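K.L.:
One predicted model, sequence on top.
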Amino acid sequence: MASGSSGSATGNPRNKVALKPGHSLMDWIRLGNSGKDLTGVGGVPISVTREQLAEHKTPDDAWLCIRGVVYNVTHYMDFHPGGCEELMRGVGKDATALFNQVHAWVNYQTILQKCIVGRLHSEEFTLPISPPKKTSSLTVSSNNRSKSSVDWSQQLESFTLLFNLKTSSPQVQILFNEPDSLLCRVNENSSDSRVTSIKLEGKITWPADILINSLTGKSTIQLKLRKKKKALWKEFGAIIEVENSSNEDGDEFWPTEITSINKQTHDSYLITLKDTKNVYNHINVGQHLLIKQEIKGEEVIRPYTPVPKLTYQKPTTGKPIWRSTSQEVNLLIKCYDLGKMSSWLCSQRRGSTVMISSPKGSFNTDMFTKTITEVYLFAAGTGITPMLSVVDWLLKSQSVLKIRLLYFNKTRKDIILEDKLDQLASEESRFSVEHILSEPSSEWIGRRGHVSLDLLQEVLPKHGDDIPRSDFVCICGPRPFTAMVEKWLKEHLGYTSENYYSFSGQ
């Protein structure tokens with residue numbers, strides 16, 4: 001898509017074509033300033049339906065849509081560094097997902113500003129005048145979606161948007177496109193995806209203060225933004241419901257920067273990443289993300305599970321939790337000699353760029369129904385990573401009375417975060433951890449061995465057929481470990497898929 005320096009839309013620099021003489025970025029800017037109509041509609045923006053967009057899909061008549069805005073890229077074909085063929089992949093449709101694969105941070109608004117046809121047609125709501133010291137509510141919906149509301153309020157120096165959702169694990173992505181524009185993508189479930197474009201009355205600054213309050217069955221997303229100029233806006237602007245398109249061209253990746261690398265064990269590191277562009281991806285409990293990197297000429301993609309920030313604090317409420325910041329991603333990386341991605345990550349330094357995807361995963365805290373009072377966690381090695389966010393969430397829950405973690409490693413030096421886990425257990429009566437080693441030293445006084453059916457029968461509560469289970473089991477580790485525990489739960493202990501969750505392949 002539009003880029004002044006990047007390669008093709010596939011992200012492979014080797015596919016970059018040689019531009020014809022007179023077709024550099026500066027030549028394109030000169031053409032845009034020449035007075036020639038590049039829009040094809042006389043320079044007067046129009047509302048474009050998806051049907052109209054689909055009609056303009058040839059090299060001689062090419063429209064595409066990026067983040068709700070339709071562009072006529074007919075004249076840009078010969079200027080695109082990735083070539084005409086790559087640009088044609090997005091023509092006649094919403095090309096946002098394709099664009100975000102490699103160009104999410106490119107200032108395409110400037111490059112294509114003379115090509116704007118108009119906005120993709122959608123329902124539009126103008127937000128009313130804000131009453132002083134009150135919160136107003138706007139319901140945003142479309143034909144086949146459950147209604148969810150957007151509330152708002154403002155002060156002289158800031159304004160706040162609140163999205164009230166019907167799930168405790170929403171997928172949330174917020175893009176700060178322009179000083180007065182936001183794009184919010186919200187997935188309440190796998191079949192209910194909504195993209196909302198918010199055009200504001202005035203200009204704002206980024207980053208925002210983002211708070212997501214998740215309870216069983218529902219959640220509230222609070223987005224507080226600072227105004228560039230102190231003033232009370234008569235109107236906030238407009239909320240536009242944009243029909244979402246499926247990401248048929250693959251995963252979206254975003255650039256982040258390594259801000260710190262801290263050694264945890266002899267072969268594991270805690271790497272902190274910070275967004276370098278104006279995008280926020282909410283990471284739900286137990287979710288993972290993909291990291292993409294070209295290593296020795298090969299594109300390598302691997303999944304990693306973010307963990308809560310490991311600064312342990314005990315709030316005034318008496319509930320110890322790990323607090324995380326919204327603009328950071330913390331990864332626990334175990335380095336393997338033959339691991340292409342892990343070796344590359346562990347060799348990086350502060351300031352290095354890491355490409356990460358939007359969060360993924362089917363885990364949902366709604367699995368912990370109101371009848372669940374005990375949760376048992378079986379983790380091996382780096383399988384501890386999703387358990388940390390699970391523990392963090394459970395400690396905030398009022399209903400879960402017992403959280404027991406059984407953590408399996410080879411030797412004591414392999415235990416990740418041993419001190420922090422033990423500290424948490426000493427200060428929170430509901431949480432306990434037991435370290436189990438398969439190859440301990442002679443000084444080890446804890447439990448020895450591997451996971452076994454006998455161990456599960458000893459640890460897990462007995463259960464009668466006529467009594468609903470009040471316990472839930474989470475499993476994560478190498479595939480043989482996970483598969484064996486699953487097998488014992490189902491075949492010997494009477495567990496069903498409603499009573500346990502396996503973080504497979506993470």
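P.N.:
Nice, thanks for sending it over.

K.L.:
residues touching residue 359, list them.
P.N.:
The contact partners of residue 359, taken as CB atoms under 8 Å, 6 or more residues apart in numbering, are 171, 281-284, 287-289, 306. Quick note: C-beta positions are derived from backbone N, CA and C, even for glycine.

K.L.:
List the contacts of the nearest residue to it once chain neighbours are set aside.
P.N.:
Once flanking residues are discounted, residue 359 sits nearest to residue 287: 4.1 Å by CB to CB, 6 or more residues apart in numbering. Neighbour list for residue 287: 305-306, 359-361, 363 [criterion: CB under 8 Å, 6+ apart].

K.L.:
mind listing the helices for the chain?
P.N.:
When secondary structure is read from DSSP state H, the chain shows helices at 25-32, 50-55, 84-88, 96-100, 108-111, 340-346, 384-396, 418-427, 453-459, 479-491.

K.L.:
Rebuild those as JSON lines, extending it with mean pLDDT and mean neighbour count.
P.N.:
JSON lines is the format used below for these (pLDDT from 0 to 100; neighbours: other CB atoms under 10 Å):
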{"stretch": "helix 25-32", "mean pLDDT": "84", "mean neighbour count": "15"}
{"stretch": "helix 50-55", "mean pLDDT": "91", "mean neighbour count": "14"}
{"stretch": "helix 84-88", "mean pLDDT": "88", "mean neighbour count": "19"}
{"stretch": "helix 96-100", "mean pLDDT": "76", "mean neighbour count": "24"}
{"stretch": "helix 108-111", "mean pLDDT": "73", "mean neighbour count": "18"}
{"stretch": "helix 340-346", "mean pLDDT": "93", "mean neighbour count": "18"}
{"stretch": "helix 384-396", "mean pLDDT": "90", "mean neighbour count": "22"}
{"stretch": "helix 418-427", "mean pLDDT": "92", "mean neighbour count": "16"}
{"stretch": "helix 453-459", "mean pLDDT": "96", "mean neighbour count": "14"}
{"stretch": "helix 479-491", "mean pLDDT": "94", "mean neighbour count": "16"}
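
K.L.:
wait, which of those is closest to residue 504?
P.N.:
The minimum distance between residue 504 and those falls on helix 479-491, with 6.0 Å, by CB to CB.

K.L.:
so how far is residue 120 from residue 41?
P.N.:
As defined by CB to CB, to the nearest Å, residue 41 lies at a distance of 14 Å from residue 120.

K.L.:
do you know how far residue 58 is from residue 415?
P.N.:
Distance from residue 58 to residue 415, by CB to CB: 61 Å.

K.L.:
before we move on, what about residue 342?
P.N.:
From residue 342 across to residue 415, the span is 18 Å (CB to CB).

K.L.:
for the helices of the chain, which one sits closest to residue 410?
P.N.:
Between these, helix 479-491 lies closest to residue 410; by CB to CB that is 12.2 Å.

K.L.:
what about residue 41 and residue 120, which has more around it?
P.N.:
More neighbours surround residue 120 than the other of residue 41 and residue 120, with 24 against 14 (other CB atoms under 10 Å).

K.L.:
what is the more buried one paired to in the beta sheet?
P.N.:
In this structure, residue 120 bridges to residue 48 when assessed by DSSP bridges.

K.L.:
And the pLDDT for it?
P.N.:
Listed pLDDT for residue 120 reads 82.

K.L.:
Hmm, residue 51 and it touching each other?
P.N.:
No: checked against CB atoms under 8 Å, the pair residue 120 and residue 51 is beyond contact range at 11.2 Å.

K.L.:
Dihedrals phi and psi, the most far-flung residue of the chain relative to its centre?
P.N.:
Largest separation from the mean C-alpha position in the chain: residue 442, at 44.0 Å (CA atoms, centre = their mean). Per-residue torsions, residue 442: phi -70, psi -20 (degrees, to the nearest 10).

K.L.:
can you list the domain ranges for the chain.
P.N.:
The record assigns the chain these domain ranges, following the TED database: 25-120, 150-241, 253-311+321-360, 365-502.

K.L.:
re earlier: how about the backbone phi and psi for the residue nearest to residue 359?
P.N.:
With angles defined as degrees, to the nearest 10, residue 287 sits at phi -80, psi 160.

K.L.:
pLDDT weak spots in the stretch 101-250 of the chain?
P.N.:
Counting by pLDDT under 70, the stretch 101-250 of the chain contains low-confidence ranges at 101-107, 109, 122-150, 188-193, 214-217, 240-250.

K.L.:
which residue ranges form the strands in it?
P.N.:
Under the criterion DSSP state E, counting those that start in this stretch, strands of the stretch 101-250 of the chain are mapped to 116-120, 124-126, 136-140, 148-154, 158-165, 171-178, 181-189, 192-200, 204-215, 218-227, 237-242.

K.L.:
Tell me which of the ones you listed lies nearest to residue 437.
P.N.:
Counting by CB to CB, residue 437 lies closest to strand 204-215 out of the strands of the stretch 101-250 of the chain; the figure is 35.1 Å.

K.L.:
Identify the residues contacting that closest one?
P.N.:
By CB under 8 Å, 6+ apart, the surrounding residues in contact with strand 204-215 are 159, 168-170, 172, 174, 176, 179-180, 219-228, 275, 278, 280, 282, 284, 326-327, 365, 393.

K.L.:
how far is that strand from where the chain is centred?
P.N.:
Centre-to-centre, strand 204-215 and its host chain are 14 Å apart (CA atoms, centre = their mean, to the nearest Å).

K.L.:
would you turn the domains of the chain into JSON lines with distance to residue 18?
P.N.:
JSON lines is the format used below for the domains of the chain (distance: least, CB to CB, whole Å):
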{"stretch": "domain 25-120", "distance to residue 18": "9"}
{"stretch": "domain 150-241", "distance to residue 18": "32"}
{"stretch": "domain 253-311+321-360", "distance to residue 18": "21"}
{"stretch": "domain 365-502", "distance to residue 18": "45"}
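
K.L.:
wait, residue 253 sits on residue 354?
P.N.:
No: applying CB under 8 Å, one finds residue 253 not in contact with residue 354, separated by 9.7 Å.

K.L.:
Tell me who's in contact with residue 422.
P.N.:
Residues in contact with residue 422 (CB under 8 Å, 6+ apart) are residue 433.

K.L.:
Next one: it from residue 484, what distance?
P.N.:
Noted for residue 422: a distance of 27 Å to residue 484, by CB to CB.

K.L.:
Export the helices of the chain to a markdown table and append columns for distance to residue 66.
P.N.:
As requested, those are exported to a markdown table (distance: least, CB to CB, whole Å):
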| stretch | distance to residue 66 |
| --- | --- |
| helix 25-32 | 17 |
| helix 50-55 | 12 |
| helix 84-88 | 12 |
| helix 96-100 | 5 |
| helix 108-111 | 6 |
| helix 340-346 | 30 |
| helix 384-396 | 33 |
| helix 418-427 | 43 |
| helix 453-459 | 52 |
| helix 479-491 | 40 |
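
K.L.:
so which of the ones you listed gets nearest residue 196?
P.N.:
It is, among those and with distance given as CB to CB, helix 96-100, at 13.4 Å.

K.L.:
how about that closest one as PDB, C-alpha atoms only?
P.N.:
What follows is helix 96-100, C-alpha atoms only, in PDB (Å, rounded to 0.1, in the frame of the first residue of the first chain):
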ATOM      1  CA  THR A  96      -7.200  -1.900   6.100                       C
ATOM      2  CA  ALA A  97      -6.100  -5.400   7.200                       C
ATOM      3  CA  LEU A  98      -3.800  -5.700   4.200                       C
ATOM      4  CA  PHE A  99      -2.300  -2.300   4.800                       C
ATOM      5  CA  ASN A 100      -1.700  -2.900   8.500                       C
END
